[in-house]
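Provide a 3D model corresponding to the input given below.
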Amino acid sequence: MLLVYTHKISPRLKYTFKHICTRILGIKVDFTTKIETFIAHDSLKMSYTKQQLGSEFFIKSHTILYEQGLSDIAINVEDWENTKCFFHNSDKSALPFDIFAAAFYMLSRYEEYLPQVKDAYGRCIASESLGYKHGFLQQPVVDIWAYKFKAALQLEFPDFNFPKRAYSIQPVIDVSTPYSYRLKGVMRSLGGTLRDLLRFKFKALYMRYIVLLGLKHDPYDTFKYIINKQKQIPFKFLICFFVGDYSTYDKGININKRKYISLVKHLADYCNIGLKTSYFSVKDINVLKKEKLKIEEVINTALKASRFSFSKVNLPESYRNLVQLEIHEDYTMGYANEIGFRAGSCTPFLFYDLDYEVQTPLKIFPYQVMDASLLKTVSFSDKKKVLQDMIQQVKNVNGLFVPIYHNYTFSNSEKWKGFKELFNIILASVTAKI
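As a prediction, the model looks like this:
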């Protein structure tokens, strides 16, 4: 166990140390404000305070972990060996930066509570983030800092055996709509027909009707492929189904249709099932509760995981609503149009509510890649390289790689050509050396 001496034990301090020490490095951590207790401890120990006590392992603390609420913090990002960091401290410190203060800033999404430019959907934009502006968005900096901390501790305590963790993956498949043409109803099919005619999309019109007549497979119906892939691997996919109402933003299928219910139940026999929430549920807990109850009625068990529509999160309200409804896992923390580490970590972490200054039971699983973000690269070889580079970043710190796919990504559409092979690369990365 690592014992940390500090002048004040705050909720922020406990939250951050437990993420770095316990979740990333696998060591237990405890805290004390008593010098006698600290001196008597005969294993890993360090002081995290303003002044070093003596010759002990010491990291000079920044004030952010002892504050409450938001303040105007000056952030000066500097190079640090193979990465970057901020909150530089003194030469006497074992590390040149207060990695705990910097990690808290990243994990709490401190910057997203502050005024910033949003996109048309009201989402935080990657280009406005600290990571993007200073060139570390594509590194899991919190995990990298944790391993630098481990290396420094190992020098101070060479006889201590640190546990090891292994790289793993959690594929997530969004099902905003299970079919392109089927189960849409007469009015929506007629509306789609008219739209195809007005836009001179005769190929799409032809496809629509041969599918509706049962002469061809619906292009979005890739569930047999998904199940076959699931059977080949020991860990389960997370399939997030949309069950909300039709709207300007959401074009899903009515969950009351028997064939849709059968599909969800069939997938639940092989995969874990989550909820893909509607656009309006991000702000309205009543809508979210309604959708949660709908999917629980279908899968006949308590909902464990969800993803907000359009990868939109309004902090802290969106996550508070998940906590209130006892949804324990979220897979929304990432950028839909940019590859990278939005919270700076590839290790699942608990949501810290900055307004209430409390750690919540909601576990956030940050994702690094969404299928649509790979479309920004032109050639297949470029897509493959970008994906492999991101996998390697996660492998370097033995983290959790979370890709977001959609059911239509596995279709034979020209737009998604090669994405099945990219998915195979992801699945093989658990054993392959990239």
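
where does pLDDT dip in the protein?
Scanning the chain for pLDDT under 70 picks out the ranges 185-187, 189-192, 202, 205-206, 208-209, 432-434.

part of a strand, is Thr363?
For the record, residue 363 is Lys, not Thr. Yes. Judged by DSSP: H, G, I helix; E, B strand; the rest coil, Lys363 forms part of a strand.

buried residues in stretch 322-333?
For stretch 322-333, the neighbour count (16 or more other Cβ atoms under 10 Å) marks Leu322, Val323, Leu325, Ile327, Glu329, Asp330, Tyr331, Thr332, Met333 as buried. No exception for glycine: its C-beta is placed from N, CA and C like everyone else's.

want to throw those into TSV with distance to Ala40 and secondary structure?
Shown next, in TSV, are these (distance: Cβ to Cβ, whole Å; DSSP: H, G, I helix; E, B strand; the rest coil):
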residue	distance to Ala40	secondary structure
Leu322	42	helix
Val323	39	helix
Leu325	45	coil
Ile327	43	coil
Glu329	40	strand
Asp330	41	strand
Tyr331	44	coil
Thr332	45	coil
Met333	41	coil
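
looking at these, which is nearest Asp91?
Met333 (35.4 Å; Cβ to Cβ).

now do the contacts for the closest residue to the closest one other than its chain neighbours.
Leaving aside its sequence neighbours, Met333 sits nearest to Pro366 (Cβ to Cβ, 6 or more residues apart in numbering; 4.1 Å). If you count contacts by Cβ atoms under 8 Å, 6 or more residues apart in numbering, Pro366 has them with Met333, Gly334, Phe341, Arg342, Ala343, Ser345, Cys346, Pro348, Phe349, Val402.

next, the fourth one: secondary structure please.
Secondary structure assignment for Arg342 (three-state DSSP): coil.

that one and Ser129 touch, don't they?
Yes. Contact criterion Cβ atoms under 8 Å: Arg342 and Ser129 qualify, at 7.1 Å.

got any residues that touch both of these two?
In contact with both Arg342 and Ser129: Leu137, using Cβ under 8 Å, 6+ apart.

about what we covered before: reformat the contacts of Pro366 as a markdown table; add distance to Leu288.
Output for the contacts of Pro366, formatted as a markdown table (distance: Cβ to Cβ, whole Å):
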| residue | distance to Leu288 |
| --- | --- |
| Met333 | 17 |
| Gly334 | 20 |
| Phe341 | 26 |
| Arg342 | 21 |
| Ala343 | 22 |
| Ser345 | 25 |
| Cys346 | 27 |
| Pro348 | 21 |
| Phe349 | 22 |
| Val402 | 22 |
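
burial of the residue nearest to Tyr249 when sequence neighbours are not counted, as a residue count?
The shortest distance from Tyr249 to any non-neighbouring residue, by Cβ to Cβ, 6+ apart, is to Tyr279 (3.7 Å). By the criterion of other Cβ atoms under 10 Å, Tyr279 has 18 neighbours.

OK, contacts around Tyr279?
Tyr121, Ser247, Tyr249, Asp250, Ser309, Phe310, Lys312.

against Asp30, how distant is it?
For Tyr279, the distance to Asp30 (Cβ to Cβ, to the nearest Å) stands at 44 Å.

also Asp269?
44 Å.

show me which of the two is the more surrounded one.
Asp30 (15 against 8).

tell me who's in contact with the more buried one.
Neighbours of Asp30 in contact, by Cβ under 8 Å, 6+ apart: Met1, Leu2, Leu3, Val4.

what helix or strand is the residue nearest to Arg23 when sequence neighbours are not counted on?
Excluding the flanking residues, the one nearest Arg23 by Cβ to Cβ, 6+ apart is Thr347, at 5.3 Å. According to DSSP states H and E, Thr347 maps onto no helix or strand at all.

just to check, Thr347 is in contact with Leu25?
No. Applying Cβ under 8 Å, one finds Thr347 not in contact with Leu25, separated by 9.9 Å.

how many residues are close by Ser108?
The number of residues near Ser108, taken as other Cβ under 10 Å, comes to 22.

which stretch of helix or strand covers Cys240?
Counting by DSSP H and E, the element that carries Cys240 is strand 238-242.

rewinding a little: the buried residues of stretch 322-333: which two are farthest apart?
Spatial extent of the buried residues of stretch 322-333 (Cβ to Cβ) is set by the pair Leu325 and Met333 at 17.9 Å.

still on that earlier bit, in strands, which of the contacts of Asp30 appear?
Mapping the contacts of Asp30 onto strands (DSSP state E) picks out Leu2, Leu3, Val4.

nearest residue to Lys415 in space, please, no chain neighbours.
Using Cβ to Cβ, 6+ apart, the closest residue to Lys415 is Leu375 (7.5 Å).
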